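Asks: following is a predicted model, sequence given first.
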Amino acid sequence: MDKEIIKQSLGVHPGFPKPGITFLDIFPLLADPLKFEILITHLMSHITSHTIPQLGKGGKVDAVVGLDARGFLLGPILAMRLGAAFVPVRKGGKLPGQCSKVEYTLEYGKDIFEMQQGTIKPGQNVIVIDDLIATGGSATAAGQLIKQAGGTTLEYLFIVALPFLKGLEKLDAPAYFIVEGED
Ligand SMILES: O=P(O)(O)OC[C@H]1O[C@H](OP(=O)(O)OP(=O)(O)O)[C@H](O)[C@@H]1O
Ligand SMILES: Nc1ncnc2[nH]cnc12
């Protein structure tokens, strides 16, 4: 039921931002407050019934890492509801202070991801959230930054996965996604 509502609310844009790419847009979903609540409740229900119990008694999520830019729309809400820190991973040159840096490739280009040093502490349990996984370049780069900081990625969460691009297979931790996009 949730999945159908979420899938039908995505915008579908063939040929954006380049010929050959069909862009899936989450903004129509976020424009409807009831659907946005269904989305957040769905993700929270997965985290509290599946992700956290795997940590055993007393286990908790210490930080939610959101990926630039659309992970920033979901991450802070999840972090607040979980009582965890929100940590942004941003495109290169946008974050002040000392940053760790990783270069990566994505479905339609190349980029740099950065994380502020000290935001993830050694031994912390982390979940990563983004709107979509395509080639997995972005999520893999975020996972590298978390590992460099000494954190443990418990799980990667997405609204949409494009399994035909095989990004899920590159990840160093389990992934959860709500709907699949087609080729
Ligand atoms: O699995 P991948 O191939 O890495 O692709 C997925 C990433 O691509 C999109 O962001 P994009 O880099 O276009 O940036 P934006 O959020 O700033 O538009 C999307 O929001 C993911 O972050
Ligand atoms: N097809 C797609 N739709 C939305 N965001 C994307 N990021 C990479 N590929 C994408």
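Replies: Structure received. Ligands and ions are numbered 1, 2, ... in the order given.
Asks: can you tell me which residues in the chain are near ligand 2?
Replies: 21-24, 106-107, 132, 134 (CB under 6 Å from any ligand atom). Any C-beta I mention is one placed from the backbone N, CA and C, and that applies to glycine too.
Asks: let's go with 5 Å and repeat that
Replies: 23-24, 107, 132, 134 (CB under 5 Å from any ligand atom).
Asks: how about those residues in TSV, adding distance to residue 91?
Replies: What follows is those, written out as TSV (distance: CB to CB, whole Å):
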residue	distance to residue 91
23	18
24	20
107	15
132	16
134	16
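Asks: most neighbours among those, please name it.
Replies: residue 132 (24 neighbours; other CB atoms under 10 Å).
Asks: so what's that residue closest to, chain neighbours aside?
Replies: Of all residues not flanking residue 132 in the chain, residue 160 sits nearest, at 4.4 Å (CB to CB, 6 or more residues apart in numbering).
Asks: which parts of this protein are strands?
Replies: Along the chain, counting by DSSP state E, strands occupy 11-14, 22-25, 63-67, 85-91, 99-106, 109-116, 125-133, 152-161, 175-180.
Asks: and of those strands, who's closest to ligand 1?
Replies: Closest approach to ligand 1 among these is made by strand 99-106 (3.6 Å; CB to the nearest ligand atom).
Asks: next, the buried residues of the closest one.
Replies: Using 16 or more other CB atoms under 10 Å as the burial criterion, the residues of strand 99-106 that qualify are 99-100, 102, 104, 106.
Asks: next one: the longest helix anywhere in the chain to chain centre, how far?
Replies: If you go by DSSP state H, the chain has its longest helix at helix 33-46. The chain centre lies 15 Å from the centre of helix 33-46; the measure is CA atoms, centre = their mean, to the nearest Å.
Asks: list the buried ones in that helix?
Replies: Going by neighbour count (16+ other CB under 10 Å), the buried part of helix 33-46 is 35-36, 38-39, 42-43.
Asks: enumerate the residues of this protein near ligand 1.
Replies: Residues of the chain found near ligand 1 (CB under 5 Å from any ligand atom) are 67, 69-70, 106-107, 130-138, 167.
Asks: what's the local residue count around residue 20?
Replies: By the criterion of other CB under 10 Å, residue 20 has 8 neighbours.
Asks: quick one, phi/psi of it?
Replies: Main-chain dihedrals, residue 20, degrees, to the nearest 10: phi 90, psi -10.
Asks: coming back round to it: could the strands of the chain go into TSV alongside distance to residue 145?
Replies: Output for the strands of the chain, formatted as TSV (distance: least, CB to CB, whole Å):
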stretch	distance to residue 145
strand 11-14	30
strand 22-25	25
strand 63-67	8
strand 85-91	6
strand 99-106	5
strand 109-116	4
strand 125-133	10
strand 152-161	10
strand 175-180	17
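Asks: got CSV for these, with mean pLDDT too?
Replies: Converted to CSV, the strands of the chain look like this (pLDDT from 0 to 100):
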stretch, mean pLDDT
strand 11-14, 97
strand 22-25, 97
strand 63-67, 99
strand 85-91, 98
strand 99-106, 93
strand 109-116, 94
strand 125-133, 98
strand 152-161, 98
strand 175-180, 98
